[in-house]
Every structure is written in structure tokens, then in C-alpha cells.
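*Asks:* Can you look at this prediction? I've put the sequence above it.
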Amino acid sequence: MDVTDGSDPHIPPAWYDGSRTANARVLVVGAGSLGEEVLQALFACGFRRMLIVDPRTVGKDDIGRLPLAAESDVGRFRSETASRRMREKTTCPGFAYHAGYVRELDGWNFEVIVGCTGDVDTRLFVNARARTYGVPYIDVTADGTRGKLQVVLAKGPCAECGMGRLRTMGLGAGPSRERAAARTRADPSTERRMASLASGEALRIACGRSDLCTKGMLYYDGADGSTYTIALSVDPKCPNHSGEGSKWTSKSSMQGTGPL
Ligand SMILES: [Zn+2]
């Protein structure tokens, strides 16, 4: 896929601000196949400053699955591979990487964060940090031919609220799980569609139009190409909306760790 082939469905609208988009600092969490699609979709939208974070390395079975990785990348960090391949492909120098955990980041000075990892703990951590620092967070996942996207803004429900809702519906992983269970291998065209949707949301945020972002939880079904959204409200049990005196959970206590 050529990132400059114009295949992005987001034709620049009247509010599009190329300069703000190019200058927006975007944190991309997860350099798996979805993360790599997100990098390409962001670039196609005009984003030029991205930090990609992933602690994992490229495995042999990733070849043919990770859109940017080649045989020679096996054993190298996914984040380094994605950033290098994007620089090669686009000649844009603005793809930085951190080969490690998102918890190790020194600062959270971003205009927007896109979470593209299936790891529930990581998503909850990034969600909590995004709330603390007031950075808009786009939580996107793909599993098989199904995708899910939520835009977390300064006000309103956060990703943990969204997961709480899934839990009560019996659809998703609860935040108490230590590790994400083995998931269905995501369908590449579903991942591209989710990456495109996520980059469209990032574009609205970068251009100051977060009021136009998707509200609630967006579901995509790659089997028939349909999307629908479910309204979300703040979960009264969610620790990301309570005052300082509230009971600390194991998740919210992580906000006090690290070099920040
Ligand atoms: Zn919440």
C-alpha cells in the first residue's frame, strides 16, 4: 500500500489545517499490524511527527503479517522497524520510536495519542495517563473482522468506562486480566479500515475539531462493512473520574510511578 496513493477516504474538509496536522505530536502505542496501518494512515492524513512505542521484537511469523516488516527485520524491535520503514518509504524524518514500554516515557506532551494494542493493561495505563494530562486518546482495536474505536476526550467516558460497559455486556476483557488472551488474527482489510477511522479522528483533534469526533463506542464489522455506535456514559465505578480521596486501585496507583 502506497501511503500517498490518495486511498484515504477523508477528503480534506473545510476545517482541515495542514500546518497544525503536520506539527501535531502523535503518540502511537503498539507497532503490531494495526499500529503499522495507523502510522501509514496518519501519514496519509498529513501527520508528520509520530512517536511509536512497542517493547516487542519482530518474530519470524510476523513476516507477511506486519505490513512494514521484511525478513531482515526479524529480531529487531518492532518500534524501530516501523519507524525506519516509514522514514524510508516516505522520506519524512518525523517517525521517532521508543523500543520499550509506554510506562518508560519521560513526558506526555502530545496533541493526540492513538492506542493500537490489544493489551488491556497497556490500554488502561495509557487511558489513565491521557486523562491525567488531558491528551485526547483514541483507543482502537481489531480482532478478526471486528473493530472497535473510542475517542476519549477531557470530558466524558474514558476507555475504562467503555471496557466496563463491555464487561457488563459480556463482550470483552475485564481490566483485571493480567495479559490479553490470544486473540483472533486480525483481518488486514479490517485493520486498514480501523486505521483509517482512527486517523480521521486524530485529524479532527489536531485541527481543533474534537467536537466532531465519534461519540460513544464505534463498532465495525468487516464481514459486511457496517459500522454502528453505542452511547457510553461515565461509569461511576471508574477510577479516572473520581477525586483524589477516592480508593486507589492497582491501576490508578500506577499514575504515581515512573520518571514523570
Ligand atoms: Zn472512565
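*Replies:* Done, it's in. Computed from a prediction, not measured in an experiment: that's the story for all the values here. Residues are numbered from 1 along each chain as shown.
*Asks:* Packing partners of the longest helix along the chain?
*Replies:* For the chain, the helix with the greatest residue count under DSSP state H is helix 188-206. Helix 188-206 is packed against helix 18-23, helix 33-45, strand 112-115, strand 137-143, strand 146-152, strand 217-221, with contacts defined by 3 or more Cβ pairs under 8 Å, 6 or more residues apart in numbering; DSSP states H and E. Backbone N, C-alpha and C define where each C-beta goes, glycine included.
*Asks:* so which of those gets nearest G100?
*Replies:* helix 33-45 (14.8 Å; Cβ to Cβ).
*Asks:* The closest one vs helix 188-206, what angle?
*Replies:* 50 degrees (axes from the mean of the first three to the mean of the last three Cα atoms, to 10 degrees).
*Asks:* name the helices or strands packed onto helix 33-45?
*Replies:* Checking 3+ Cβ pairs under 8 Å, 6+ apart, helix 33-45 ends up next to strand 25-29, strand 49-53, helix 78-90, strand 137-143, helix 188-206.
*Asks:* how about 7 Å then?
*Replies:* For helix 33-45, the elements it packs on are strand 25-29, strand 49-53, helix 78-90, helix 188-206, judged by 3 or more Cβ pairs under 7 Å, 6 or more residues apart in numbering; DSSP states H and E.
*Asks:* Out of these, which is the most enclosed?
*Replies:* Neighbour counts (mean count of other Cβ atoms under 10 Å) averaged over each of the helices and strands packed on helix 33-45 peak at strand 25-29, with a mean of 26.
*Asks:* and the stretch 151-260 of the chain, which residues reach the ion?
*Replies:* C158, E160, C161, C238, N240 (Cβ under 5 Å from the ion).
*Asks:* so what pLDDT did the third one get?
*Replies:* pLDDT, the model's per-residue confidence, is 94 for C161.
*Asks:* and the longest helix of the chain, how far from the chain's centre?
*Replies:* A distance of 9 Å separates the centroid of the chain from that of helix 188-206, by Cα atoms, centre = their mean, to the nearest Å.
*Asks:* hang on, the earlier thing: need the helices and strands packed on helix 33-45 in a markdown table with mean pLDDT, can you?
*Replies:* Conversion of the helices and strands packed on helix 33-45 to a markdown table gives the following (pLDDT from 0 to 100):
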| stretch | mean pLDDT |
| --- | --- |
| strand 25-29 | 98 |
| strand 49-53 | 98 |
| helix 78-90 | 98 |
| helix 188-206 | 97 |
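*Asks:* Tell me which of the ones you listed sits nearest to Y220.
*Replies:* That would be helix 188-206 among those, by Cβ to Cβ, at 6.0 Å.
*Asks:* Render the CA-only coordinates of the closest one in CSV, please.
*Replies:* Provided in CSV are the C-alpha atoms of helix 188-206 (Å, rounded to 0.1, in the frame of the first residue of the first chain):
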residue,chain,number,x,y,z
PRO,A,188,-5.8,-6.9,7.2
SER,A,189,-8.6,-5.0,5.5
THR,A,190,-10.4,-4.6,8.8
GLU,A,191,-7.2,-3.2,10.3
ARG,A,192,-6.8,-0.8,7.4
ARG,A,193,-10.4,0.4,7.9
MET,A,194,-9.8,0.9,11.6
ALA,A,195,-6.6,2.7,11.0
SER,A,196,-8.3,5.0,8.6
LEU,A,197,-11.1,5.7,11.1
ALA,A,198,-8.6,6.3,13.8
SER,A,199,-6.5,8.7,11.7
GLY,A,200,-9.7,10.6,10.8
GLU,A,201,-10.4,11.1,14.5
ALA,A,202,-6.8,12.2,15.1
LEU,A,203,-7.2,14.7,12.2
ARG,A,204,-10.3,16.3,13.8
ILE,A,205,-8.5,16.5,17.1
ALA,A,206,-5.3,18.0,15.6
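*Asks:* which residues sit against that helix?
*Replies:* For helix 188-206, contacts defined as Cβ atoms under 7 Å, 6 or more residues apart in numbering pick out 8-10, 20-21, 24, 26, 33-34, 37-38, 41-42, 45, 47, 111-112, 114, 136, 138, 140, 142, 145, 147, 149, 151, 210, 212-214, 218, 220, 222.
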